[in-house]
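Visitor: pasted the sequence and its predicted model underneath.
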Amino acid sequence: AKFPHRDYYKCDSCGAFDWADGTPMKCFNTITGPECNCCKSSVQRTVTKESSVNRGKRFWCCAAGVARGCKFFQFCEPSTTRKQLENVSGKKRPILPGFATYLSDWKKMEIVQCMMGVDPKFMASYTATKYDDIEVVGLWKISNAVQQEKFDAAKQRIKTQSPKVSSYDIPNTYAEQMNQLGTKPLDGVAGEVFLLHGTRPENLHGILFEGLDAALSNNGNFGRGVYFAEHAAKIDQYSTNDTKYRKKGGDITKLHEKIYTKCKHPQNVRYAMVCRVLLGNHVVTSDGRTRLGGTRGSNIFTTNERRVLAALENGKIPSSLIGIPGERVANFREFIVFNSDQIFVEYLVAYKRVRTYCNCGIKCIERTVVKQNENNGRKIHFCGQVEREKECTFIQMLPLCNCGESACVKTSTTRNSKDKKFYSCCNRRGGRCDFFEWKESSGEYTADPSKKARIASPSNASVEASPKKNEVKDFVKSTMNE
């Protein structure tokens with residue numbers, strides 16, 4: 001530091017700074033008023049404009065100032081006393097059930113990326129060969145004091161009722177990453193594990209800040225509970241695309257306002273949750289009706305509603321259910337919990353679907369377009385066997401739209417973003433998806449998440465460049481010859 005051990009003042013409201021050996025700033029001695037739109041105490045100012053009829057009057061405004069703060073403004077009441085002001089400013093806000101903290105820790109991101117590794121062949125099977133892998137692009141730590149208290153109480157209950165739990169045969173690679181991820185160690189006595197859960201972006205705000213509610217679950221293959229998996233390809237089938245930052249849109253807007261405070265919206269992402277789950281003693285089923293390993297024909301549920309697990313021969317009620325591949329599912333196990341208190345959402349993950357293998361089944365080669373045209377700087381994937389006897393026809397220029405095809409570069413003609421470049425779907429109207437992404441490159445326009453992106457249409461955009469297959473092939477061959 002340039003001035004070590006030197007005392008200073010700093011305002012928590014507006015960020016103003018001054019050294020302690022000088023004159024303190026005015027904001028430190030200012031009477032605080034009612035909360036502004038930033039949910040912070042406002043400060044008192046005086047109208048100084050000579051031509052104003054209100055010159056000399058006192059008013060409340062945002063402490064951050066006109067440039068950085070909100071537009072809060074309120075004249076001071078003549079009869080307002082300092083004690084009344086303190087009562088207004090000292091009013092406690094209700095405690096939020098939870099909040100999200102963006103993590104820039106590359107180590108955590110690497111661990112989550114390993115946990116969410118997928119089988120390329122399986123993922124290609126349900127995405128029509130358009131994608132074969134997952135790329136983690138964002139990570140948030142979720143804090144929820146209310147749900148944490150319920151989770152800890154459920155953990156103690158399970159440990160008391162089931163001092164010994166059976167093993168779950170978690171895959172070694174997944175188990176290694178799982179043990180490195182948590183800040184608190186997993187409690188093996190209660191059967192505590194990290195599992196994955198996928199859902200639509202519209203549902204995330206309520207889940208993250210209020211908790212997963214098993215009572216709202218639909219009647220799935222293995223009952224009305226909350227479903228988890230240890231394979232990302234399984235939960236990816238239940239997630240949907242979040243195309244862009246939204247300023248108006250209900251719960252999705254609330255979600256964006258809370259998680260995209262320290263980072264920009266990556267555009268066209270999906271979400272998964274990494275949850276601490278208390279499995280305790282479990283039962284196993286393959287048909288969703290009877291349990292394996294018990295007496296013949298023993299039902300796993302008490303009623304046809306399939307919300308409560310039936311007691312075992314020893315009188316104890318299982319804490320969870322594991323569905324294995326068989327009659328109901330074909331590939332991966334599913335873990336089902338029927339009590340919401342046994343779940344704690346620890347991390348929120350934003351990820352994108354990507355393709356890393358060509359049609360030959362080998363890793364793609366990645367290059368960057370260096371030619372000075374509209375596609376300059378774009379990544380291009382192609383097969384490494386392009387110059388061999390069997391030429392592979394796989395060629396893709398990134399980014400891809402939601403149709404799985406290379407996007408086109410277009411130019412905006414709207415007033416607020418005139419002549420700015422962006423990516424959009426190349427298909428004609430009617431078959432066009434809602435993919436939109438600003439073209440980010442050196443010296444060009446970068447997307448502002450606070451501004452609503454406008455989807456291109458023939459009336460407000462013109463096509464500048466679309467990747468033509470012949471041109472891409474020529475580029476690939478010249479690259480390989482070099």
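Guide: Here it is on my side, so go on. Numbers count the residues shown, from 1 in each chain.

Visitor: can we go C-alpha only for contacts and neighbour counts from here?
Guide: OK.

Visitor: hmm, who's touching stretch 124-133?
Guide: Contacts with stretch 124-133, where a contact means Cα atoms under 8 Å, 6 or more residues apart in numbering, come from 117-123, 353-357, 404.

Visitor: secondary structure element holding Gln148?
Guide: Counting by DSSP states H and E, the element that carries Gln148 is helix 145-161.

Visitor: one step back: just the closest of the contacts of stretch 124-133 to Ser143, please.
Guide: Closest approach to Ser143 among those (Cα to Cα): Gly117, at 25.5 Å.

Visitor: surely that closest one is in a strand?
Guide: No. Counting by DSSP: H, G, I helix; E, B strand; the rest coil, one finds Gly117 to be coil, located in no strand.

Visitor: hang on, the earlier thing: what packs against the helix holding Gln148?
Guide: Judged by 3 or more Cα pairs under 8 Å, 6 or more residues apart in numbering; DSSP states H and E, the packing partners of helix 145-161 are strand 343-354.

Visitor: in the sheet, who's paired with the spatially most central residue of the chain?
Guide: Nearest to the mean C-alpha position of the chain, by Cα atoms, centre = their mean, lies Ala350 at 3.8 Å. For Ala350, the beta-bridge partners are Gly138, Tyr271 (DSSP bridges).

Visitor: and it, what pLDDT?
Guide: If you check Ala350, the pLDDT there is 95.

Visitor: coming back round to it: would you mind checking the contacts of stretch 124-133 for buried ones?
Guide: For the contacts of stretch 124-133, a burial check counting by 16 or more other Cα atoms under 10 Å picks out Gly117, Val118, Pro120, Phe122, Met123, Arg353, Val354, Arg355, Thr356, Tyr357, Gly404.

Visitor: pLDDT below threshold where in the stretch 1-150 of the chain?
Guide: Across the stretch 1-150 of the chain, the ranges flagged by pLDDT under 70 are 1-3, 5-32, 39, 77-97.

Visitor: which residue ranges of it form helices?
Guide: Using DSSP state H, counting those that start in this stretch, the helices of the stretch 1-150 of the chain run over 65-68, 82-89, 106-115, 120-126, 145-161.

Visitor: of all those, which one is nearest Ile134?
Guide: Going by Cα to Cα, the one of the helices of the stretch 1-150 of the chain nearest Ile134 is helix 106-115, 8.0 Å.

Visitor: run the chain-centre distance for that closest one.
Guide: On the basis of Cα atoms, centre = their mean, to the nearest Å, helix 106-115 sits 14 Å off its chain's mean C-alpha point.

Visitor: what residues of that helix count as buried?
Guide: Lys108, Met109, Ile111, Val112, Gln113, Cys114, Met115.

Visitor: before we move on, the earlier item: now distance to Arg415 too, for the helices of the stretch 1-150 of the chain, in CSV please.
Guide: Formatted as CSV, these follow (distance: least, Cα to Cα, whole Å):
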stretch, distance to Arg415
helix 65-68, 23
helix 82-89, 42
helix 106-115, 39
helix 120-126, 41
helix 145-161, 46
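
Visitor: looking at the ones you listed, which is closest to Phe436?
Guide: Proximity to Phe436 (Cα to Cα) singles out helix 120-126 among the helices of the stretch 1-150 of the chain, at 23.6 Å.

Visitor: if I look at Leu212, how far off is Thr414?
Guide: 42 Å (Cα to Cα, to the nearest Å).

Visitor: of these two, which one has the most company?
Guide: Counted by other Cα atoms under 10 Å, Leu212 and Thr414 do not tie: Leu212 has more neighbours, with 22 against 14.

Visitor: now the terminal residues of stretch 288-300, how far apart.
Guide: Across stretch 288-300, first to last residue, Cα to Cα, it's 8 Å.

Visitor: pLDDT averaged over that stretch - what is it?
Guide: Mean predicted lDDT for stretch 288-300 stands at 77.

Visitor: follow-up on the earlier one: tell me the one among the contacts of stretch 124-133 nearest to Cys61.
Guide: Taking Cα to Cα as the measure, Cys61 sits nearest to Arg353 out of the contacts of stretch 124-133, at 45.7 Å.

Visitor: how many other residues sit next to the closest residue to the closest one other than its chain neighbours?
Guide: Excluding its sequence neighbours, the residue lying closest to Arg353 (Cα to Cα, 6 or more residues apart in numbering) is Ile134, at 4.9 Å. Ile134 has 23 neighbouring residues, counting by other Cα under 10 Å.

Visitor: got a list of what Ile134 touches?
Guide: Contacts for Ile134 (Cα under 8 Å, 6+ apart) come out as Met116, Gly117, Val118, Tyr351, Lys352, Arg353, Val354.

Visitor: from the residues you listed, pick the one nearest Ser41.
Guide: Tyr351 (37.4 Å).

Visitor: tell me how far the closest residue to that closest one other than its chain neighbours lies from Leu400.
Guide: For Tyr351, ignoring the flanking residues on the chain, the nearest one in space by Cα to Cα, 6+ apart is Val136 at 4.2 Å. The gap separating Val136 from Leu400 is 16 Å, by Cα to Cα.

Visitor: how about Thr46?
Guide: In terms of Cα to Cα, Thr46 sits 55 Å off from Leu400.

Visitor: tell me which of these two has more neighbours.
Guide: Leu400 (21 against 14).

Visitor: that one and Thr160, how far apart?
Guide: From Leu400 to Thr160 the distance is 52 Å (Cα to Cα).

Visitor: equivalent analysis for Phe344, please.
Guide: Distance from Phe344 to Thr160, by Cα to Cα: 20 Å.

Visitor: neighbour count: those two, which is higher?
Guide: Set Phe344 next to Thr160 and count neighbours by other Cα under 10 Å: Phe344 wins out with 26 against 12.

Visitor: my read: the residue nearest to Tyr351 touches Met109, true?
Guide: Yes. Between Val136 and Met109 there is a contact under Cα atoms under 8 Å: 7.2 Å.

Visitor: who's in contact with Pro194?
Guide: If you look again at residue 194, you'll see it is Phe, not Pro. Counted by Cα under 8 Å, 6+ apart, Phe194 has contacts Met178, Val274, Cys275, Arg276, Val277.

Visitor: identify, from the buried residues of helix 106-115, the entry nearest to Gly315.
Guide: Met115 (36.4 Å).
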